[in-house]
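# Fold the following, please.
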Amino acid sequence: MRTLQFGLKVADRRASLAFYTALGYEVIGEVPDAPIGHLTMLKLPGDEFVTLELVHDPSTADTSAPGFSHFAISVESLEATMARLAAAGIDSDGSHSPAPDLHTTTVTDPDGRAIELVQWPAGHPEGMTAADWAGDEEDTP
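Purely as a prediction, here's the structure:
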C-alpha cells in the first residue's frame, strides 16, 4: 500500500492552477466532469507520480471551497481490502471501474473525510504518471 495523492478543494480552478504551477507543479492531466467536480492532476518536476489533485466543483453551494477533498491509497487487491474492511465494520461505496482494469472505492473516516482506494491494472506503475494522460487532447486552463 502507498499514499497516492491528496485532493484539495479549490474555489477558483484557474487561480489555483496559476498558483500551483507558479510553485513549480506541472499539470499531468484533467478529468473535467468527474462526479466530485473538475479534477486537475499535478506533480512536481522531480516526481514521477501525481502528488496533488485540485478538485473544483462549481455546482456546490459553498463557493469558498478551500479544504481537503480526499486522499488516495493504492491497494494490491481491492476485493481483499474491501472484505478486510467490511470485517472491521467499515463500509465502502462499492467497487467502481472508471477505466479498464482500474478499480476504485471510497471509504469514509470517522470525521467524514473520504479516502479513495485504488487497484491499478496489472503492470501499472505505483502511482499516476504522465502516461496516464497520453492522448489527453484537452487544453489546460
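
# Quick check: pLDDT value at the residue of the chain most remote from its centre.
Distance from the C-alpha centroid of the chain, by CA atoms, centre = their mean, peaks at Ala87 (25.7 Å). Looking at Ala87, its pLDDT stands at 88.

# cool, and Pro32?
You'll see Pro32 listed with a pLDDT of 92.

# for the chain, where's the lowest mean pLDDT among helices and strands?
The helix or strand of the chain with the poorest confidence is strand 67-74; it has a mean of 79 (mean pLDDT, DSSP states H and E).

# which other helices and strands contact that one?
Applying 3 or more CB pairs under 8 Å, 6 or more residues apart in numbering; DSSP states H and E, one finds that strand 67-74 contacts strand 2-9, strand 52-56, strand 114-119. (Glycine included, C-beta is placed from N, CA and C.)

# any chance of those in TSV, plus mean pLDDT, distance to Pro35 and mean neighbour count?
Below are the helices and strands packed on strand 67-74 laid out as TSV (pLDDT from 0 to 100; distance: least, CB to CB, whole Å; neighbours: other CB atoms under 10 Å):
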stretch	mean pLDDT	distance to Pro35	mean neighbour count
strand 2-9	85	13	18
strand 52-56	90	11	22
strand 114-119	88	11	19
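
# got JSON lines for the ones you listed, with distance to Leu42 too?
What follows is the helices and strands packed on strand 67-74, written out as JSON lines (distance: least, CB to CB, whole Å):
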{"stretch": "strand 2-9", "distance to Leu42": "8"}
{"stretch": "strand 52-56", "distance to Leu42": "4"}
{"stretch": "strand 114-119", "distance to Leu42": "16"}
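
# right, and these - which one's nearest Ala99?
strand 114-119 (10.8 Å; CB to CB).

# Tell me which strands the closest one pairs with, and in which orientation.
strand 67-74 (parallel), strand 102-108 (antiparallel) (DSSP bridges).

# on that earlier part again, of all the helices and strands packed on strand 67-74, which one is nearest Gly29?
strand 52-56 (10.3 Å).

# ok and that closest one relative to strand 114-119, angle-wise?
Here the directions of strand 52-56 and strand 114-119 differ by 130 degrees (axes from the mean of the first three to the mean of the last three CA atoms, to 10 degrees).
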